[in-house]
Every structure is written in C-alpha cells, then in structure tokens.
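A predicted structure for the sequence below; I have some questions about it.
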Amino acid sequence: MTILLYVSFAALLSAGLYCLAQAALAFPSGRSIHAIRGIHGKRSLTQRFQDALLPVARLISKLFPMSEYKRKRLEADFVRLHIPEKPEDFVSKAKARSLLLALIGLLFIPLGVPWLALLTAVASVLAYCRSMQTVRKKVEAQNREIEAELPRLTETLNYSLQDNRDLLAFFEKYRKVAGKALGAELDRLILDMKTGNQEAALHGMDARLGLPSFTALCAILCGVHQGIDQRTSLLVLEQDMRTKEREALRRDMEKRPGRIKAASFILTILMIFMFMVPLVLLIIRDLQAVGF
C-alpha cells in the first residue's frame with residue numbers, strides 16, 4: 001500500500017512538473033505537434049486504417065449496392081454537413097469496419113470463449129448502426145437549431161415587409177445576425193436567388209431542410225414574391241412557431257426530470273423563505289409592541 005502511494009505521488013508530481021515546465025518554457029502541446037506533422041500531408045493511424053479498408057469497402061459496395069433513395073438522402077445530408085465523401089464510400093467503409101470487428105470476434109471460438117465471439121458480433125452490428133446514425137444526428141441537431149431561430153426570422157421579416165418587399169435584400173441583412181446553421185443555408189439561398197429564380201431558390205432550400213415550419217414559411221414567401229400581402233399569415237405562422245418551440249423545450253425538459261426537480265425544489269424553498277421571513281418579522285414586531 002505504501003509503495004502504491006509513493007508511485008501515485010511520483011506520477012502526480014511528475015505530471016505537475018511537466019505542466020509547469022511546459023507553461024514556463026513554452027513547450028509545444030500534443031495537438032500542436034500533431035497539427036505540424038499534418039502540414040506536409042502525413043496521415044494519421046486512423047487515416048491509414050481507412051485506406052487499408054478501402055479495397056474491402058469497394059468490394060462490399062459492389063456486392064451490396066445502395067438504394068437510390070438512401071443514396072440521395074445521404075448525399076443531401078453530406079452537402080449540408082460539408083462532408084466531401086461519397087455516400088457509397090461512407091456506407092461501405094462502415095460495413096467493412098463492422099465486418100472486420102465480427103471476424104476478429106471469431107478468434108475467441110478456438111480459445112474456448114464463444115460467448116465473447118457472440119458479443120463481438122453484436123458489437124459490430126451496433127457499431128454499424130451508430131456510424132449510420134451519426135450523420136443523421138448531426139443533421140437533426142442543425143434542424144433543431146434552425147427551427148429555434150425561425151420564429152425570430154419570421155418576426156423580423158414581418159416588420160421588414162412593412163417598408164420593403166425585396167426578399168433578397170432582407171436575407172442579405174438577416175444573414176449578418178443569423179446563427180451558424182441557418183447562416184450556412186442562407187448563404188446558399190442568397191447565391192441561388194442571385195443566379196436564378198427566387199421561388200425556385202426558396203423551394204430548393206425547403207427541399208434541403210425538410211422542415212414543416214419552413215415549408216409553411218416558403219409558401220408565404222412565394223406569395224410575397226408574387227406581390228400578395230402576407231403580413232397576417234406571417235403573424236399567425238410566428239405564433240405557431242413559438243408554440244412549437246415551447247413544446248419542444250418542454251419535451252426537452254421532461255427528458256431531464258432530475259435536474260428540473262432539483263431546480264424546482266430549490267426554487268420552492270426560496271419562495272417559501274421570501275414569503276415567510278417578512279411574515280415572521282411582522283409577527284415578532286407585533287408581539288414586541290404588545291409587551292411580549
């Protein structure tokens with residue numbers, strides 16, 4: 001036990017001295033060294049592993065071709081996430097990694113532990129499902145961020161239409177204050193509106209996002225482009241969006257009941273103190289006034 005304490009103390013002391021020397025002498029960090037190595041195109045171990053799996057991935061893509069619907073959906077998601085990889089390569093690499101993990105699990109059978117091989121096979125299937133869900137989760141996170149900003153965009157648009165009906169000018173101004181996710185979509189929308197038809201650009205953004213709220217907004221914007229007064233429709237749509245946003249926040253809070261209950265308990269206690277302290281002081285003052 002004493003030796004273990006000495007070893008732990010020596011390890012902590014060494015780590016502390018290293019951090020102190022790194023701060024005092026300006027030693028480069030591990031991330032800096034990794035970034036410098038990557039300047040000349042030196043590939044990491046993960047990239048080398050991906051390149052080694054590429055022939056197997058191509059074979060799998062030929063044996064198990066992807067459906068056209070899935071390919072188009074992944075291609076649209078990759079465009080939104082700025083991923084240069086092709087959907088076929090991404091899916092085939094995920095299948096190759098899962099297959100390799102399952103084959104590694106077969107090595108446990110000669111060792112007399114077949115249950116580990118079964119667990120490895122299940123883990124390979126879960127790894128493939130997780131790889132396929134990663135892209136979709138990132139897109140859903142962007143959609144939630146965009147949906148949270150749409151009520152503000154609709155409100156600003158409603159005020160802007162009172163003076164000017166130029167949609168391109170409005171989006172160019174709003175882009176300066178837009179969030180990251182919506183700003184990236186507005187950049188493409190502005191470019192499409194400058195180089196083509198404005199209604200086609202709006203419908204293209206609607207097809208990329210696939211959000212019901214923006215679909216309704218797109219229909220209203222097309223009416224504005226045609227010269228129709230849509231201020232009342234925008235006001236109603238804004239209220240609907242804010243209602244949906246509150247419902248989304250409520251569902252998100254319900255997923256974390258522990259934190260909400262703790263915060264509610266603390267708030268309840270503070271409210272009780274806030275009302276009880278003046279009442280107690282008033283009672284004490286009245287008792288002192290009558291001689292108690």
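Good, I have the coordinates. Numbering: from 1, shown residues only.

where in the stretch 51-200 of the chain is pLDDT low?
51-57, 61 (pLDDT under 70).

Would you state the helices of it in chain order?
For the stretch 51-200 of the chain, the helices defined by DSSP state H, counting those that start in this stretch occupy 68-81, 87-105, 114-160, 167-174, 180-195, 198-209.

nearest to residue 224, of the ones you listed?
Nearest to residue 224, of all the helices of the stretch 51-200 of the chain, is helix 167-174, at 6.5 Å by Cβ to Cβ. To be clear about C-beta, it is placed using only N, CA and C from the backbone, and glycine gets the same treatment.

contact partners of that closest one?
Contacts with helix 167-174, where a contact means Cβ atoms under 8 Å, 6 or more residues apart in numbering, come from 153, 156-157, 160, 164, 186, 189-190, 193-194, 198, 221, 224-225.

Quick check: the two most widely separated of these?
156 and 194 (20.6 Å).

Looking at the two, which has the bigger crowd around it?
residue 156 (15 against 11; other Cβ atoms under 10 Å).

got the contact list for the more buried one?
170, 174.

swap in residue 124?
For residue 124, the contact set (Cβ under 8 Å, 6+ apart) comprises 98-99, 101-102, 105.

Tell me how far the residue sitting nearest the centre point of the chain lies from residue 66.
Closest to where the C-alpha atoms of the chain average out (Cα atoms, centre = their mean) is residue 141, at 3.5 Å. The gap separating residue 141 from residue 66 is 24 Å, by Cβ to Cβ, to the nearest Å.

mind listing what's buried in stretch 75-88?
Across stretch 75-88, burial judged by 16 or more other Cβ atoms under 10 Å covers 76-78, 80, 87-88.

Need the max-distance pair from those.
Maximum distance among these (Cβ to Cβ): 18.0 Å, for 80 and 88.

closest one to residue 253 among the helices of the stretch 51-200 of the chain?
helix 114-160 (14.4 Å).

got the angle for that closest one vs helix 180-195?
Helix 114-160 runs at 60 degrees relative to helix 180-195, counting by axes from the mean of the first three to the mean of the last three Cα atoms, to 10 degrees.

Which element, helix or strand, includes the spatially closest residue to residue 206 that is not a sequence neighbour?
Distance criterion Cβ to Cβ, 6 or more residues apart in numbering; nearest residue to residue 206, sequence neighbours excluded, is residue 218 at 4.3 Å. Per DSSP states H and E: residue 218 is located in helix 212-225.

pLDDT averaged over that helix - what is it?
Across helix 212-225, the average pLDDT comes to 86.

That helix packs against which elements?
In terms of contacts (3 or more Cβ pairs under 8 Å, 6 or more residues apart in numbering; DSSP states H and E), helix 212-225 is packed against helix 114-160, helix 167-174, helix 198-209, helix 231-254.

Mind putting those helices into TSV with distance to residue 182?
As requested, the helices and strands packed on helix 212-225 are exported to TSV (distance: least, Cβ to Cβ, whole Å):
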stretch	distance to residue 182
helix 114-160	5
helix 167-174	9
helix 198-209	10
helix 231-254	13
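
So for residue 281, which of those sits nearest?
So among those, helix 231-254 is nearest, using Cβ to Cβ, at 35.8 Å.

Specify the angle between the helix or strand just after that closest one and helix 231-254 in degrees.
Sequence-wise, the next helix or strand downstream of helix 231-254 (DSSP H and E) is helix 257-289. Counting by the same axes, to 10 degrees, helix 257-289 lies at 90 degrees to helix 231-254.

So for helix 257-289, what gets flagged as buried?
Buried-residue list, helix 257-289, by 16+ other Cβ under 10 Å: empty.

Between the helices of the stretch 51-200 of the chain, which one is closest to residue 232.
helix 114-160 (9.3 Å).

That closest one versus helix 167-174: what angle between them?
Helix 114-160 and helix 167-174 are oriented at 110 degrees to each other (the same axes, to 10 degrees).
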